[in-house]
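Novice: Here's a sequence, model it:
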Amino acid sequence: MSSTEPRNLARKVKPKTNIVAPRGMYDLLPDNIRQWHYVETIARDLFARYGYSEIRTPLVEDTQLFARGIGESTDIVTKEMYTFNDRKGRSLTLRPEGTASIVRAYVEHKLYAQQPLSKFYYAGPMFRYERPQSGRNRQFYQIGAEAIGSASPLVDFEVVDMVHSLFGQIGLRKHLLIVNNLGCMNDRPRFAEALRSYFSDKLPMLCPDCRERLEKNPLRILDCKVENCKKLAAGGPVTQDFLCDDCKRHDTVLRQLLSRAGIEHVFDPRLVRGLDYYTRTVFEIQHPALGARNAICGGGRYDHLIEELGGPPTPATGFSLGMEATLLAMEKEHVQPMAEPAPHVFICSVDEKALFEAAVLAVNLRSSGLRVELDYEGRSLKAQMKLANKLRSRFAVILGEEELAKLSARVRDMSTGEESVVSLEGLAAKLVEVAK
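Specialist: Numbers count the residues shown, from 1 in each chain. Below is the predicted model of the structure:
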């Protein structure tokens, strides 16, 4: 190389690396989105029948919303939140769950002044920094519902019934409903003290996290997934031994309603769920085929969260389901949504002039409610017919020099091969008549 050549030409050019989605986050491609639409469509229709309205909240919230709402000692707050400071130094967090945001919106907009019972549903992405594994990602999707304004066990029953109906309509048959009652704010301190007493001489046998939980919130030990902690908890006190009379009645009414409605359920006195705001009713939907982490849905009552976040004392209950876990359960049970609808019509053009007319014709046919595809690249007629067949199009509309001269088109039924000549003026009406 000449010494007069620019030095930058002699430098080695670093190969460009592909940019990929962050670990634990993924793209939803067209081939996969059909299953999501299937679940979402069933959920929206069901929620409407139960009187629930959609609400949408920001993906990012003030960090204190989750610290105060979920609980500062929970794994979500201490280990899993995506938290950062904005350019003015304010601490913000990508939402790790949906309920706290719904409650924040309920309080901020004084929705409690509009009607005694507010019913909302939501759907969207949540974020937690945890180890990615099957059915669990760092960006994950939830569908949930909240009923705010009633302390009645009948509302708990309605929410559980709605969840049960949702999974049934999706097509799942092997899921299991687990229920428990954690007691009210008067019962929980007594239960927590009993847990501290029980685990105090077992401290060395607990995992490091549970040793810390024993002081901050011993109920969290019952939610630990470490096998030895689960074995120790199995011999400890249970919530039912500490319920006041009102909580006992609440629990009895709910379970009687479930039995009367024929909704199979199992009572588990050690079910606590992973969020601190729960009181009284908690429940979980599990699917045995998913292994150790088999929960696909969970929920319960949170009668003090609205007050904790600045609103008036207001009882509430709700649930959320994990979309990814639900889809895995569907796969295990071989639940297959219907295929995306195929085009009604594929327009084939034999030359450039016909292609121009095909583009205009497509506008007319689509405005009549037909699903229409066409070739934009001027491929051969044989290649276009092959593509129409691949797309499972019901009809092929063929435009050539002869057809255009007569202001007509050849229409081929792709299933029988039969052809007919139809005027362009009457083509839309004819196709609508036979295609729908």
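
Novice: Show me where the stretch 151-300 of the chain has its helices.
Specialist: 153-170, 187-199, 208-216, 227-234, 245-260 (DSSP state H, counting those that start in this stretch).

Novice: Measure how the second one sits relative to helix 227-234, angle-wise.
Specialist: Our comparison of helix 187-199 with helix 227-234, counting by axes from the mean of the first three to the mean of the last three CA atoms, to 10 degrees, yields an angle of 120 degrees.

Novice: try the last one
Specialist: For helix 245-260 against helix 227-234, the angle by the same axes, to 10 degrees is 110 degrees.

Novice: circling back: pick the most buried one from the helices of the stretch 151-300 of the chain.
Specialist: helix 153-170 (a mean of 20; mean count of other CB atoms under 10 Å). In short, each C-beta sits where N, CA and C put it, glycine included.

Novice: The residue nearest to residue 137 when sequence neighbours are not counted: how many residues sit nearby?
Specialist: For residue 137, ignoring the flanking residues on the chain, the nearest one in space by CB to CB, 6 or more residues apart in numbering is residue 24 at 4.8 Å. Neighbourhood size, residue 24 [other CB atoms under 10 Å]: 17.

Novice: which residues touch residue 24?
Specialist: Listed by CB atoms under 8 Å, 6 or more residues apart in numbering, the contact partners of residue 24 are 129, 130, 132, 137, 138, 139.

Novice: if you set the cut-off to 10 Å instead, what comes out?
Specialist: Shown in contact with residue 24 (CB atoms under 10 Å, 6 or more residues apart in numbering): 127, 128, 129, 130, 131, 132, 133, 136, 137, 138, 139, 140.

Novice: before we move on, what SS does it have?
Specialist: Using DSSP: H, G, I helix; E, B strand; the rest coil as the criterion, the local structure at residue 24 reads coil.

Novice: mind checking how far it is from residue 138?
Specialist: Going from residue 24 to residue 138 by CB to CB, to the nearest Å gives 3 Å.

Novice: was I right about residue 69 contacting residue 93?
Specialist: No: the pair residue 69 and residue 93 does not pass the contact test of CB atoms under 10 Å, sitting 11.1 Å apart.

Novice: Who has more neighbours out of the two?
Specialist: Legend: neighbour count by other CB under 10 Å for residue 69 and residue 93, higher for residue 69 (23 against 20).

Novice: host element of the more buried one?
Specialist: Residue 69 belongs to helix 63-70 when assigned by DSSP states H and E.

Novice: hmm, who's touching whichever helix or strand comes after that helix?
Specialist: Later in the chain than helix 63-70, the nearest helix or strand by DSSP H and E is helix 75. Under the criterion CB under 10 Å, 6+ apart, residues 81, 128, 130, 209, 213, 220, 223, 224, 274 lie in contact with helix 75.

Novice: In space, what's closest to residue 195 - neighbours in sequence excluded?
Specialist: Distances taken as CB to CB, 6+ apart place residue 218 nearest to residue 195, at 3.8 Å, with adjacent residues excluded.

Novice: got the contact list for that neighbour?
Specialist: By CB under 10 Å, 6+ apart, the contact list for residue 218 reads 191, 192, 193, 194, 195, 196, 197, 198, 199, 200, 210, 236.
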